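Student: structure of the sequence below:
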Amino acid sequence: MKVYKFGGASIKDAEGFRNVCSILQRESPNDLVVVISALGKTTNALEEVVRAYYNDEAKAKDLFNVVRKHHFDILQELIPNKSNDVYRALNNLFIEVEWILEEDRKESFDYSYDQIVSIGEFASTTIAAAYFNASGLQTKWLDAREFIKTDEKFREATVDWDKTCSLVNQHIHQGVGVQLTQGFIGCTIENFTTTLGREGSDYTAAILAHCLDAESVAIWKDVDGVLNADPRYFEHAKLIPSLSYHEAIEMTYYGATVIHPKTLKPLQNKQIPLYVRSFKQPDKIGTLIHTDMQETELPATWVKKVNQMLISISAKDFSFIAEEHLEDIFNVLSCSRIHVNMMQNSALSFSICIDDGNDKLESCLEQLRDKYKVRTNSDLELLTVRHYKDGEVNDYLANKNVLLDQRSRNTIQVIHE
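Tutor: As a prediction, this is how the structure comes out:
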């Protein structure tokens, strides 16, 4: 079996659905498991709905109605016959969220987030299954909550691998056409919907491939494959035809967004190759990520992360930042679900670079300020270059105010304004 994953950019409009259907029809559809994300930008829009709901803003329902209308507009373009059962099914999904928005806020933000935001994947796959079947592509819709089992860490749930693998093999079988399910979504033992973290649909594809001992995984993107830089920021970006798991994991760890960081390990453990291909140019092979190997010289890989914050932490009594301080600091970060992109310590200070904008950031900073002196710099950029050459990096950083940098044998990281 093969596992394919299509992200929101591939189904942002009706033409996107048609294109995905065309790709599947030519790709041995009897042995395909297909994972689909929410429509492009829908997760962001639903996040705004959740925030409005928790801020007691009347606009929550208005924001949600915009999302609802967008889905029905696309559905009507794909399947004009409104007597088709898919209209009722889609409407029932949205009614579930409308019920939530009418209730008092009794549950935690993270719990409500997962119940509301997850509707994006259910809506997109409901439309996709109906359209694929109407187009002659035999498609079975599957509810990911039936087999992706997790703990109760809402918004970033941990997979129960034993239960999940057992259930995946009970629900997914060969030779029954396209089996279509949602990315990003899981379920607790008590049947509460969870999510696996932003961009978690790639991870879902890897989970299914691991459990099914799949032949391969293909992630279909709006780029030709894995590039050595983001073309939005770097003109020299070029395709990397082949990568080892090790190198790909390093790239995703430092922030390369073409693959979700948690995706690669389940595939590496079973030596399942991963293809990154373009849904815009499906005839091209893209990038192959496979068995660890001795790689020849790789091009410098540039990763730029914007909207960064530098936090410098020091003891109020000017004592050394020792192991007990670091343990305390990381406990606060962990409880706030703050991911560290770079860190550096001196005798009296410990500095970290994080993504700004986390909704728990202010609370995290308040906890740190209770015990430490804390300074912050916002609106920064973090540049990471693998296999760097000093001349290239120095040219890029010319006229930029560098606040912190680190260099190892293969990697340089620089925080700058």
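Student: can you map out the helices along the chain?
Tutor: Using DSSP state H, the helices of the chain run over 14-25, 42-54, 59-78, 85-102, 109-117, 119-134, 161-171, 201-212, 245-253, 264-269, 323-335, 361-371, 390-397.
Student: for residue 222, which of the ones you listed is the nearest?
Tutor: Checking the helices of the chain against residue 222 by Cβ to Cβ gives helix 14-25 as the closest, at 10.0 Å. Quick note: C-beta positions are derived from backbone N, CA and C, even for glycine.
Student: give me the contact list for the closest one.
Tutor: 4, 6, 9-11, 32, 34, 36, 40, 74, 77-78, 127-128, 131-132, 135-137, 178, 220, 279, 282 (Cβ atoms under 8 Å, 6 or more residues apart in numbering).
Student: tell me which residues in that helix are buried?
Tutor: Going by neighbour count (16 or more other Cβ atoms under 10 Å), the buried part of helix 14-25 is 14, 16, 17, 19, 20, 21, 23, 24.
Student: dump those residues into CSV; add pLDDT and distance to residue 173 as well.
Tutor: Converted to CSV, the buried residues of helix 14-25 look like this (pLDDT from 0 to 100; distance: Cβ to Cβ, whole Å):
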residue, pLDDT, distance to residue 173
14, 98, 31
16, 98, 28
17, 98, 25
19, 98, 27
20, 98, 22
21, 97, 22
23, 96, 22
24, 95, 18
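Student: nearest to residue 380, of these?
Tutor: Residue 380 lies nearest to residue 16 out of the buried residues of helix 14-25, by Cβ to Cβ, at 34.7 Å.
Student: distance of that closest one from residue 179?
Tutor: Per Cβ to Cβ, to the nearest Å, residue 16 is found 20 Å from residue 179.
Student: pLDDT score for residue 362?
Tutor: On pLDDT, residue 362 comes in at 92.
Student: kindly tell me how buried it is, as a neighbour count.
Tutor: For residue 362, the neighbour count with other Cβ atoms under 10 Å is 10.
Student: check contacts around it.
Tutor: If you count contacts by Cβ under 8 Å, 6+ apart, residue 362 has none.
Student: against residue 413, how distant is it?
Tutor: 26 Å.
Student: ok, residue 290 - contacts?
Tutor: Residues near residue 290 by Cβ under 8 Å, 6+ apart: 242, 244, 245, 271, 273, 274.
Student: of those residues, which pair is most distant in space?
Tutor: Pairwise over these, using Cβ to Cβ, the maximum falls at 242 and 271, 14.9 Å.
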